[in-house]
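Enquirer: Have a look; sequence and predicted model below, questions after that.
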Amino acid sequence: MATSDQQAVFAQLRRSLLALLGVIVVGTVGYFLLGFSPLDSVYQTVTTVTTIGFREVQPFGTAEKVFTILFVLVGVGVVLYTLSALLGLLIEGWAGNVWGRRRMERTIAAMSGHAIVCGWGRVGRAAAHQLHKSGQSVVVCDTDEERLEDCPYPHLEGDATRDEFLRRLGVERAKVLVATLDTDASSLFVTLTARALNPELVIIARSRVDDTEQKLLRAGADRVVNPQRIGGNRIAAFALQPHVTDFLDVAMHDDEVEFRLEQVVVHEGSPLAGSSVREARLHEGDGALLLALRQADRGVFRTNPSPEAVVKPGDVVIVIGTADQIDAVRRAAGSKRARRVPGA
């Protein structure tokens, strides 16, 4: 949307264009009543009001001269007013913003499997940057246009609680939605709306108040994050186990290190499906190390599973290893492409 100043300039231009159209109609009717043909009336009106003044299409009498004098005094002023409004519109950059938004919407319309970040605040920025760093395409939205000025990703200004706006963001084609709006009520409405539009969407919502967490989950959020609680937990972790915390940070976020800690979903028909951990070679020294197994039918983690544990379709394995080892596990699990999973 345009800013208030741009809206005011646009309203001024609309009024001036209507006034200019009225002047042309009055001039055309006036010359027609003075005996000019319809085409000559329009021609005389345009050449007069634009001060071109090629020639009179027919000799002027007293009535024609008086009418033309009055018409010039009014018409030229309207033309100058219209030009000033148009110049103001261009200076304000409204036209450029409109074209930019249209290009942005075309870009978003061509995206699929992307992540939508609702709210360009501190949490939203951090989430968007980490998603982008992990190879995920990102679309950002916020109600504050000025706050979006420094956003490096495709973005739109608007109300994410509205169905039509979420559709403009491609929610029906998106893979992930992150709700980090200014209030928990707004995040709740976004979660509810997005879940109705895309039942397969992964929704991560930020909560400011503990009581909101269960409401967000009932509204359709897959995960609810409380930054204050996480911050407190990390402070305690650094105080009690700083080396473990540093290790996890490096494994999850540092692209410079050799090893990674990632999750891999086992797909139907993949070589891993139906095999044991031993057969999957996830316990041997030349492959990635399996740290935990989350079974789809139970939803609980089995840490350090035994070599005889069977990996089933839909299970999630948490593995650590080099980039090549992780990619080998992804291929065996049937993943179409390797992707870093952003950490909390």
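Expert: Yes, it's here.
Enquirer: Give me the phi and psi for Arg223.
Expert: Torsion angles at Arg223 (phi, psi; degrees, to the nearest 10) stand at phi -140, psi 150.
Enquirer: ok, now Ile69?
Expert: Per degrees, to the nearest 10, the backbone of Ile69 is at phi -60, psi -50.
Enquirer: residues contacting it?
Expert: Contacts for Ile69 (CB atoms under 8 Å, 6 or more residues apart in numbering) come out as none. (C-beta placed from N, C-alpha, C; glycine too.)
Enquirer: From Arg55, how far out is it?
Expert: Applying CB to CB, to the nearest Å, the value for Ile69 to Arg55 is 17 Å.
Enquirer: Also Ser41?
Expert: Using CB to CB, Ser41 is found at 15 Å from Arg55.
Enquirer: between these two, who's got more neighbours?
Expert: Neighbour count, other CB atoms under 10 Å: between Ser41 and Arg55, Ser41 has more, with 20 against 8.
Enquirer: what residue ranges in the stretch 151-300 of the chain score low on pLDDT?
Expert: For the stretch 151-300 of the chain, the stretches flagged by pLDDT under 70 are 251-258, 280-286, 298.
Enquirer: mind listing the strands for it?
Expert: Per DSSP state E, counting those that start in this stretch, the stretch 151-300 of the chain carries strands over the ranges 155-157, 176-179, 202-206, 223-225, 259-265, 289-294.
Enquirer: quick one: which of those is nearest Val140?
Expert: Closest approach to Val140 among the strands of the stretch 151-300 of the chain is made by strand 155-157 (4.1 Å; CB to CB).
Enquirer: May I see the buried residues of the closest one?
Expert: Within strand 155-157, the residues that count as buried by 16 or more other CB atoms under 10 Å are His155, Leu156, Glu157.
Enquirer: what's around Arg122, how many residues?
Expert: There are 10 residues near Arg122, going by other CB under 10 Å.
Enquirer: What does the pLDDT read for it?
Expert: At Arg122, the model reports a pLDDT of 91.
Enquirer: Can you give me the distance of it to Gly220?
Expert: Between Arg122 and Gly220 the distance is 25 Å, computed by CB to CB.
Enquirer: just Ala237 next, same as before
Expert: Taken as CB to CB, the span from Ala237 to Gly220 is 30 Å.
Enquirer: out of the two, which sits in the busier spot?
Expert: Neighbours per residue (other CB under 10 Å) separate Ala237 from Gly220, with Gly220 holding more: 20 against 14.
Enquirer: what number of residues lie near the closest residue to that one other than its chain neighbours?
Expert: The spatial neighbour of Gly220 that comes closest, neighbours along the chain excluded (CB to CB, 6 or more residues apart in numbering), is Arg195 at 3.0 Å. Arg195 has 18 neighbouring residues, counting by other CB under 10 Å.
Enquirer: cool, the one 10 residues further on as well?
Expert: As a burial measure, Ala205 scores 28 neighbours (other CB under 10 Å).
Enquirer: OK, contacts around it?
Expert: Val178, Ala179, Thr180, Ser187, Leu188, Val190, Thr191, Leu216, Ala221, Arg223, Val224, Val225.
Enquirer: Just the angle for the one helix or strand Arg330 maps to relative to strand 259-265, thanks.
Expert: Assigned by DSSP states H and E, Arg330 belongs to helix 323-333. With axes from the mean of the first three to the mean of the last three CA atoms, to 10 degrees as the basis, helix 323-333 and strand 259-265 are set at 10 degrees to each other.
Enquirer: what angle sits between helix 323-333 and strand 289-294?
Expert: Going by the same axes, to 10 degrees, helix 323-333 makes 40 degrees with strand 289-294.
Enquirer: which of the residues in helix 323-333 are buried?
Expert: Residues of helix 323-333 classed as buried: Gln325, Ile326, Asp327, Ala328, Val329, Arg330, Arg331, Ala332, Ala333 (neighbour count, 16+ other CB under 10 Å).
Enquirer: try stretch 11-31
Expert: By 16+ other CB under 10 Å, the buried positions in stretch 11-31 come out as Gln12, Leu13, Ser16, Ala19, Leu20, Val23, Ile24, Gly27, Thr28, Gly30, Tyr31.
Enquirer: from those, which ones fall inside helices?
Expert: If you go by DSSP state H, the buried residues of stretch 11-31 have Gln12, Leu13, Ser16, Ala19, Leu20, Val23, Ile24, Gly27, Thr28, Gly30, Tyr31 in helices.
Enquirer: Ile116 against Gly170, yeah?
Expert: Yes - counting by CB atoms under 8 Å, Ile116 touches Gly170, with 7.3 Å between them.
Enquirer: Spell out which residues are contacts of both of those two.
Expert: Here Ile116 and Gly170 have Val139 as joint contacts, going by CB under 8 Å, 6+ apart.
Enquirer: Leu33 versus Leu39, what's the distance?
Expert: 15 Å.
Enquirer: Thr82 now?
Expert: Relative to Leu33, Thr82 is positioned 25 Å away (CB to CB).
Enquirer: more crowded one of these two?
Expert: Per other CB under 10 Å, whichever of Thr82 and Leu33 has more neighbours is Thr82, with 20 against 11.
Enquirer: From the chain's centroid, how far away is the one helix or strand that one maps to?
Expert: Per DSSP H and E, Thr82 falls inside helix 62-92. When distances are taken as CA atoms, centre = their mean, to the nearest Å, helix 62-92 is centred 43 Å away from the chain's centroid.
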